[in-house]
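**Student:** coords please:
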Amino acid sequence: MSSSRKLFEELSQLLTEQQNPNTIDIDERSAIEIAQLINEEDKKVPLAVEQCLPEVAAAMELVAEAFNRGGRLIYIGAGTSGRLGILDASECPPTFGVKPSQVQGIIAGGRRAVFRSVEGAEDDEHAAIEALQKIGFSKQDVLCGISASRRTPFVVAALRYARTLRAKTIFLTSNPEVKEKATVVIRTLVGPEVIMGSTRMKAGTSHKMVLNMISTGAMILCGKTYGNLMIDLQQTNNKLRERTKRIFMMVTGEDYHTAETYLRHAKGSLKLALMMRLSGLNYAEAKAALECAGGFLKRALRNVGKL
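**Tutor:** All right, here's what the predicted structure looks like:
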């Protein structure tokens, strides 16, 4: 059998490549009916993600462990999958105060593929390995491969390379029969797409949900929140500067001026400002207490008898 015929047969068996019986006459529907059909299919997404929660939790723990030993989370994908990884990675620094290098996204075809499709890039296995080598990927890091079809050569090659380095891996897909090995395999089985094969729809939505959960959960496990409040956010714009003050005021009950004063004394660190105010410690003492507690504010407060 030729390679083309083999690929044809493989694609014909994929769940994400099946024709959806619920939308078979969508081209004859009105705009509101099209919207209703898409909405009905989208309702299946969170239910599919719910079935994967144990695997998502395991992925969170893998990533948190990597962060605690100085490792990174690297997303890799092609097309929509690659863009979703880049999107999640780009939102981590301002939200959780991490360096841009700690969570990164790699897309087949490089930077230009973020904005425009680069045909054939997803088939370039060598490029995937080169991209990981370029960033110095090592066994300290975690690689999250994203491929709705579970067969994207660029992603599969990256996962195999990561395994040769004995790095932990996560494989996120929307097809059930995953032959590729990974430390954690997450299958969001959302079923056939509204438009056959258009995995930017239900599959992509489910993957966005899972990536949000993995990165957010890992950050929480690393002490980046106080309750459900972000306390390591970076004050990179006016909105975030005011949000920082508001969070300080919510936690402490202090006024706006006091929030400004403590944040100034804490050199802009909300977590340090809160530790100083809630514990009564000075900057150096509060910083040492947080470091001793691994960056967890509640743990640091308990250690000094203030919670």
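
**Student:** and the gap between residue 112 and residue 193?
**Tutor:** Distance from residue 112 to residue 193, counting by Cβ to Cβ, to the nearest Å: 26 Å. Bear in mind the C-beta positions are built from the backbone N, C-alpha and C, glycine included.

**Student:** who has more neighbours out of those two?
**Tutor:** Using other Cβ atoms under 10 Å as the criterion, residue 112 and residue 193 rank with residue 193 on top: 25 against 11.

**Student:** from what I can see that one touches residue 205, true?
**Tutor:** No: between residue 193 and residue 205 there is no contact under Cβ atoms under 8 Å: 10.4 Å.

**Student:** how close does residue 58 get to residue 193?
**Tutor:** The value you get for residue 58 to residue 193, if Cβ to Cβ is used, is 27 Å.

**Student:** can you tell me the SS state at residue 104?
**Tutor:** Judged by DSSP: H, G, I helix; E, B strand; the rest coil, the three-state class of residue 104 is strand.

**Student:** and it, bridged to which residues?
**Tutor:** With DSSP bridges as the criterion, residue 104 is bridged to residue 74.

**Student:** dump the residue contacts of it.
**Tutor:** Residue 104 makes contacts with 72-75, 89, 135, as judged by Cβ atoms under 8 Å, 6 or more residues apart in numbering.

**Student:** can you tell me which of these are buried?
**Tutor:** Applying 16 or more other Cβ atoms under 10 Å to the contacts of residue 104, the neighbour count classes 72-75, 89 as buried.

**Student:** export the residues you listed to CSV and tack on distance to residue 244?
**Tutor:** Formatted as CSV, these follow (distance: Cβ to Cβ, whole Å):
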residue, distance to residue 244
72, 26
73, 25
74, 29
75, 27
89, 22
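
**Student:** rewinding a little: from the contacts of residue 104, pick the one nearest residue 150.
**Tutor:** Nearest to residue 150 among those, counting by Cβ to Cβ, is residue 75 at 16.0 Å.

**Student:** my guess is that closest one contacts residue 144. True?
**Tutor:** Yes: contact criterion Cβ under 8 Å: residue 75 and residue 144 qualify, at 5.0 Å.

**Student:** how far does the helix or strand hosting residue 83 sit from the chain's center?
**Tutor:** Counting by DSSP states H and E, the element that carries residue 83 is helix 80-96. Distance of helix 80-96 from the chain centroid (Cα atoms, centre = their mean, to the nearest Å) equals 6 Å.
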